[in-house]
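Trainee: Need a 3D model of the sequence below.
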Amino acid sequence: MTNMNKYVEEATLFFKEVALELGNPNDINAAGRVTAAVLHTLRERLTVEESMHLISNLPMILKGIYVDGWKITKQAYHADTLGEFLNEVREHSRVDPGRDFGGDDTARERVQAVTRVLRRYVDEGEIRHIKQQLPEGVAVLFDE
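Mentor: Numbers count the residues shown, from 1 in each chain. Predicted structure coming up:
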């Protein structure tokens, strides 16, 4: 028997935390979609080494979500502004981006819901390294 049940429980807990941060604790599906879009956008900005450090802290199923469809040899993209980053997050949405992310204020709040939960799983030194790889306007998404 594998630890599959344990992995599912860990991921469900993570998504429940995100759903709570999003203000809708019963919508774990939306929390999963938003989380995936944020993780996929982050991985395009972080070095492969930094990505490996980040995912080493995540529950197993979130590791899988992070690497799903990842073109690891693709050059890292660097958004210059928060608006560009939020647009990239919307592009990674698997459903209607307007529904999950809306305008910039809503998108920012939703991304920050995910980053607040990530801060609970990832040590402060690693968060600092992630922020160093992001433009200042984007790094603020990881501020408390």
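Trainee: what sits against residue 111?
Mentor: If you count contacts by CB atoms under 8 Å, 6 or more residues apart in numbering, residue 111 has them with 34, 38, 85-86, 89, 141. C-beta here means a position set from N, CA and C on the backbone, and glycine is covered the same way.
Trainee: Among these, which lie within helices?
Mentor: 34, 38, 85-86, 89 (DSSP state H).
Trainee: wait, what's in contact with residue 22?
Mentor: Neighbour list for residue 22: 30-31, 34, 110, 113 [criterion: CB under 8 Å, 6+ apart].
Trainee: Quick check: pLDDT value at it.
Mentor: pLDDT for residue 22: 95.
Trainee: Over to residue 78?
Mentor: Listed pLDDT for residue 78 reads 65.
Trainee: Not counting sequence-adjacent ones, nearest residue to residue 83?
Mentor: Spatially, and ignoring its direct neighbours in sequence, residue 83 is nearest to residue 104 (6.2 Å; CB to CB, 6 or more residues apart in numbering).
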